[in-house]
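Undergrad: Can you look at this prediction? I've put the sequence above it.
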Amino acid sequence: MRRSALRQPLIYSLLISSLLALPAAAHRSRALVFHKPSRAGIQSTPELVPLEVLPSGHLVVKAKINGIEGRFILDTGAGIPLVTQQFAQRVSGLAQQDGRFTGFRATGERLTLPLYTARTLTIGSLVVPELTLGMYAGDMGGFDGLISLTAFRQQPFTLDYANHTLVLETAASLKQRRQAGRAVELRLHEVYGQSIDMAAYCRVNEKLTLLLVLDSGTPAGQYRLNASFAPALGIDTTGLKHSTIRSEFSAGQRNFLYRASLDKLTPVGQPTIALSKVPVGLMTGLIYDGILPLKWLGDELTIDLPHKMLYAR
């Protein structure tokens with residue numbers, strides 16, 4: 001369901017992650033079991049974790065919740081990690097919190113989820129203790145849930161698309177990545193220690209500087225901007241082909257997606273990364289400036305949340 005308007009071609013178009021991107025959380029903190037920020041630290045030895053890259057560009061990683069393994073979408077735009085109710089039935093020791101988490105879809109529809117505390121989330125040798133996650137009662141197309149950036153709060157990692165690996169970096173290997181990569185400054189949106197998303201300021205058509213969500217949960221090649229920026233970008237939507245997107249959650253809500261092209265897209269401060277003639281969807285009702293996939297930045301992307309930086313190669 002994540003930004004289902006943005007993900008209809010995807011085999012798991014019912015995925016929940018779009019519902020929670022950049023959540024404006026409403027958390028009721030009556031819980032007896034509270035989230036504690038991850039104490040997982042940087043690895044002492046670089047570790048290569050197998051990473052499945054789907055034809056759509058989405059990323060799949062095996063992880064364990066309280067020791068039970070599942071297949072999860074690694075989604076940098078999901079905000080809060082999720083498990084399906086079906087997967088949760090196989091996991092013992094999930095403690096339900098009293099509070100809830102409220103997030104919003106990309107087009108504003110509200111979703112509230114029950115919260116649980118997992119004793120551990122394990123990816124390779126990385127162990128994240130006492131992780132807050134949401135539980136989703138629907139189907140995620142055969143996947144067991146979503147892994148969000150909260151798992152990597154203290155652990156820099158690299159997404160290596162070419163070699164299909166997730167690299168858990170060391171201090172030494174991170175230094176090498178920093179020296180060899182092209183730096184992009186990240187802006188993080190964190191909600192009460194439960195949710196993290198990332199974005200970067202980008203220059204669009206050399207006319208606007210917009211804060212755009214960097215989202216591995218968005219299909220490769222799918223670029224979305226808020227349609228309200230069209231006039232400032234010199235785009236006249238009146239003659240453009242468009243689609244009508246009807247909300248699956250809010251009766252009567254409709255949004256329009258206009259197909260256009262951008263002359264140039266580049267991260268602020270990093271002119272060596274640039275796209276030209278970018279096909280873009282201008283979306284009405286989008287609640288942020290825009291959403292971009294990750295891979296346009298490079299085939300190897302190192303994400304260093306502690307220092308709010310991304311290094312691309």
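TA: Arrived safely, thanks for sending.

Undergrad: burial count for residue 254?
TA: 12 (other C-beta atoms under 10 Å). No exception for glycine: its C-beta is placed from N, CA and C like everyone else's.

Undergrad: now the one 10 residues further on
TA: Look at residue 264: counted by other C-beta under 10 Å, it has 15 neighbours.

Undergrad: Same check on residue 89?
TA: 10.

Undergrad: Give me the phi and psi angles of it.
TA: phi -70, psi -20 (degrees, to the nearest 10).

Undergrad: One more: residue 125?
TA: According to degrees, to the nearest 10, residue 125 has phi -100, psi 0.

Undergrad: For this structure, give me the ranges with low pLDDT.
TA: 1-43, 247-251 (pLDDT under 70).

Undergrad: Would you map out the domains in it?
TA: With domains defined by automatic domain parsing, the chain comprises 4-183, 196-312.

Undergrad: mind giving me a markdown table with the ones you listed and columns for distance to residue 190?
TA: Compiled in a markdown table, those are given as follows (distance: least, C-beta to C-beta, whole Å):
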| stretch | distance to residue 190 |
| --- | --- |
| domain 4-183 | 9 |
| domain 196-312 | 5 |
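
Undergrad: gap between the residue nearest to residue 292 when sequence neighbours are not counted and residue 295?
TA: Once flanking residues are discounted, residue 292 sits nearest to residue 212: 5.1 Å by C-beta to C-beta, 6 or more residues apart in numbering. Per C-beta to C-beta, to the nearest Å, residue 212 is found 14 Å from residue 295.

Undergrad: what do you get for residue 135?
TA: 30 Å.

Undergrad: So what does the most centrally placed residue in the chain look like in phi/psi?
TA: The centre of the chain sits closest to residue 77, judged by C-alpha atoms, centre = their mean, with a distance of 1.6 Å. Note on residue 77: backbone dihedrals following degrees, to the nearest 10 are phi -110, psi 0.

Undergrad: what do you get for residue 306?
TA: Torsion angles, degrees, to the nearest 10, at residue 306: phi -60, psi -30.

Undergrad: any idea how far the residue nearest to the centre of the chain lies from residue 184?
TA: 16 Å.

Undergrad: How about residue 75?
TA: From residue 75 to residue 184 the distance is 19 Å (C-beta to C-beta).

Undergrad: coming back round to it: could you point out which element follows the strand or helix carrying the residue nearest to residue 292?
TA: Using DSSP states H and E, residue 212 falls within strand 208-214. Later in the chain than strand 208-214, the nearest helix or strand by DSSP H and E is strand 224-226.

Undergrad: so what strands line up beside that following strand?
TA: strand 275-283 (parallel), strand 290-292 (antiparallel) (DSSP bridges).

Undergrad: Run through the bridge partners of residue 224.
TA: Beta bridges link residue 224 to residue 281, residue 291, judged by DSSP bridges.

Undergrad: got a list of what it touches?
TA: Contacts for residue 224 (C-beta atoms under 8 Å, 6 or more residues apart in numbering) come out as 3, 6, 106, 218, 280, 281, 282, 283, 286, 290, 291, 292.

Undergrad: switch to 10 Å and redo it
TA: 3, 5-6, 106, 212-213, 215, 218, 257, 280-283, 286, 288-293 (C-beta atoms under 10 Å, 6 or more residues apart in numbering).

Undergrad: now residue 47
TA: Contact analysis of residue 47 by C-beta under 10 Å, 6+ apart lists 123, 124, 125, 126, 157, 165, 166, 167, 168, 169, 170, 173.

Undergrad: For the protein, list the residue farthest from the centre, please.
TA: residue 239 (32.4 Å).

Undergrad: List phi and psi for it.
TA: Backbone torsions for residue 239, taken as degrees, to the nearest 10, come to phi -100, psi 10.

Undergrad: and for the longest helix along the chain, what are the contacting residues?
TA: In the chain, with assignment by DSSP state H, the single longest helix is helix 171-180. With contacts defined as C-beta under 10 Å, 6+ apart, helix 171-180 is touched by 42-47, 156-158, 167, 169-170, 300-302, 304, 306-307, 309, 311-313.

Undergrad: List the buried residues of it.
TA: Neighbour-count burial for helix 171-180 flags 173, 174, 177, 178 (criterion: 16 or more other C-beta atoms under 10 Å).

Undergrad: Likewise for stretch 140-155?
TA: 140, 143-153, 155.

Undergrad: now the buried residues of helix 171-180 in CSV, with distance to residue 119?
TA: Shown next, in CSV, are those (distance: C-beta to C-beta, whole Å):
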residue, distance to residue 119
173, 29
174, 28
177, 31
178, 33
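
Undergrad: between the residues you listed, which is nearest residue 252?
TA: When those are compared for distance to residue 252 (C-beta to C-beta), residue 177 wins out at 48.3 Å.

Undergrad: Thanks a lot, see you next time.
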